[in-house]
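> one predicted model, sequence on top.
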Amino acid sequence: MKRALVTGAAGQIGTELVTTLRDALGDAAVLATDLREPGPRHPVLAGGPFRLLDCTDPTELGERIREHRPDVVFHLAALLSAVGESRPQDAYRVNLGGVMNVLEAAREEGFAVFTPSSIAAFGPGTPPDPTPQDTVQRPTTMYGVTKVAGELLCDYYHLKFGVDTRGVRYPGLISHTAPPGGGTTDWAVEIFWAAVRDGRYRCFLSHDVRLDMMYMPDAIRAALELMEADPRQLKHRNAFNITAMQVTPEQMARAIQERLPEFQMGYEVDPVRQAIAESWPRRLDDTAARDQWGWQPEYGLHETVDDMLTQVRTAEEAREPAPRVG
């Protein structure tokens, strides 16, 4: 990989991915794009190029591709699960239309594509613990429907046109760099900012909902390692299950209380996000990723809590903008 373009670059994954790619490839080699320009202090504006891009516009996408000439596009632009339920038509248009446009551009221009899928691609009929790599996928959210369809489109473009498509199914992601973006696992980010700032947090999921989670450094490393993997070893190529930890809100709160004894946790359950969480897997079987490209997580619950609290405290002390806790 020598040159990369990232869509949805100002989002939770994109913010850290752009920074990591620029460190590895050089600032000028990584074009960050998003539908709207982020605030002036946003990390994706520091050092390297940024351009506005609406991925649902194939003409605009083509212009950005021809300007930058990437050999890999990390297509991250999407509406997340909770937002997708409130705006299902927009989620269909953005999530599927964007993937289709990127794949068509890849067929014409010859670049590789990384497109993340999600645990949302599964549904209540899927075996939840562990969830196999290849299993029934009948999601009950528009976000999940678009992720399943996106997996199939990527497989199709690889089989039919030889496009080098690759992807992972991310679990819930925890990050200190960018604010949550309307997902069902946003609580696992909000809780740290609330703990440091206020000493208390009201969670929108019940105390005992156990979900697969991952700290963002592992998520970024997974994307990069998969794109660098020998394609001859990739039986699945797209939608590899990956996992790092399984955690409930109560377990996360207790881990924080071990470090901040005064922290208090309450609950105000959002029925929409609760229903989504209950339909998702509790633990993914990531054997295929481990066997085919050597996936191995580095952060468990306690390593994640230690680093998140350190990073959030540093940000607060520097008076950096913090995610709004809702």
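Nice, thanks for sending it over. All values reported here derive from a predicted model rather than from experimental measurement.

> residue 67 and residue 285, how far apart?
The spacing between residue 67 and residue 285, counted by Cβ to Cβ, to the nearest Å, is 41 Å. For glycine as for every other residue, the C-beta is placed from the backbone atoms N, C-alpha and C.

> neighbour count: these two, which is higher?
residue 285 (18 against 12; other Cβ atoms under 10 Å).

> before we move on, which element is residue 33 in?
Assigned by DSSP states H and E, residue 33 falls within strand 30-34.

> what distance separates that strand from the centre of its chain?
Averaged C-alpha coordinates place strand 30-34 at 16 Å from its chain's average position (Cα atoms, centre = their mean, to the nearest Å).

> so what touches it?
With Cβ atoms under 8 Å, 6 or more residues apart in numbering as the test, strand 30-34 has contacts from 3-11, 14, 18, 21-22, 44-45, 48-53, 64, 67-68, 70, 77.

> only the buried subset of the residues you listed, as a ChimeraX command please.
A single ChimeraX command selects the buried members of the contacts of strand 30-34 (16 or more other Cβ atoms under 10 Å):
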select :3,4,5,6,7,8,9,10,11,14,18,21,22,44,45,48,49,50,51,53,64,68,70,77
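
> mind listing what's buried along the lowest-mean-pLDDT helix or strand in the chain?
Within the chain, no helix or strand scores below helix 81-86, which has a mean of 90 by mean pLDDT, DSSP states H and E. Across helix 81-86, burial judged by 16+ other Cβ under 10 Å covers 81-85.

> output the contacting helices and strands for it.
helix 88-91, helix 142-161, helix 271-278 (3 or more Cβ pairs under 8 Å, 6 or more residues apart in numbering; DSSP states H and E).

> give me that answer again for 6 Å
Applying 3 or more Cβ pairs under 6 Å, 6 or more residues apart in numbering; DSSP states H and E, we find helix 81-86 packed against helix 142-161.

> angle of the helix it packs on against helix 271-278?
50 degrees (axes from the mean of the first three to the mean of the last three Cα atoms, to 10 degrees).

> pLDDT on the helix or strand following helix 142-161, on average?
Remark: after helix 142-161, the chain's next helix or strand is strand 165-166, criterion DSSP H and E. When pLDDT is averaged along strand 165-166, the result is 98.

> flag every buried residue along the next helix or strand after strand 165-166.
Proceeding C-terminally, strand 165-166 gives way to strand 168-170 as the next helix or strand, assigned by DSSP H and E. By 16+ other Cβ under 10 Å, the buried positions in strand 168-170 come out as 168-170.

> could you do stretch 292-299 as well?
292-293, 295, 297, 299.

> strands paired with the strand holding residue 33, and their directions?
strand 4-7 (parallel), strand 50-52 (parallel) (DSSP bridges).

> for the nearest residue in space to residue 313 that is not next to it in sequence, list the residues it contacts.
Nearest residue to residue 313 in three dimensions, chain neighbours excluded: residue 196, at 5.7 Å (Cβ to Cβ, 6 or more residues apart in numbering). Under the criterion of Cβ atoms under 6 Å, 6 or more residues apart in numbering, the neighbours of residue 196 are 312-313, 316.

> which among those residues end up buried?
Those of the contacts of residue 196 that meet the buried threshold are residue 312, by 16+ other Cβ under 10 Å.

> sort the contacts of residue 196 by pLDDT and name the bottom one.
The member of those with the lowest pLDDT is residue 316, at 89.

> any idea how far residue 83 lies from residue 76?
15 Å.

> circling back: would you list the buried residues of helix 81-86 in CSV and tack on distance to residue 254?
Listed next are the buried residues of helix 81-86 as CSV, based on distance: Cβ to Cβ, whole Å:
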residue, distance to residue 254
81, 26
82, 25
83, 30
84, 31
85, 30
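
> and these, which is closest to residue 183?
Nearest to residue 183 out of the buried residues of helix 81-86 is residue 81 (Cβ to Cβ; 5.3 Å).

> mind listing what the closest residue to that closest one other than its chain neighbours touches?
Residue nearest to residue 81 in three dimensions, not counting chain neighbours: residue 143, with 4.2 Å by Cβ to Cβ, 6+ apart. Residues near residue 143 by Cβ under 6 Å, 6+ apart: 81, 84, 91, 120.

> cutoff 8 Å now
78-81, 84-85, 91, 95, 118, 120.

> of the residues you listed, closest to residue 149?
residue 95 (8.3 Å).

> ok so the closest one is a helix residue?
Yes. Counting by DSSP: H, G, I helix; E, B strand; the rest coil, residue 95 falls inside a helix.

> distance of it relative to residue 196?
33 Å.
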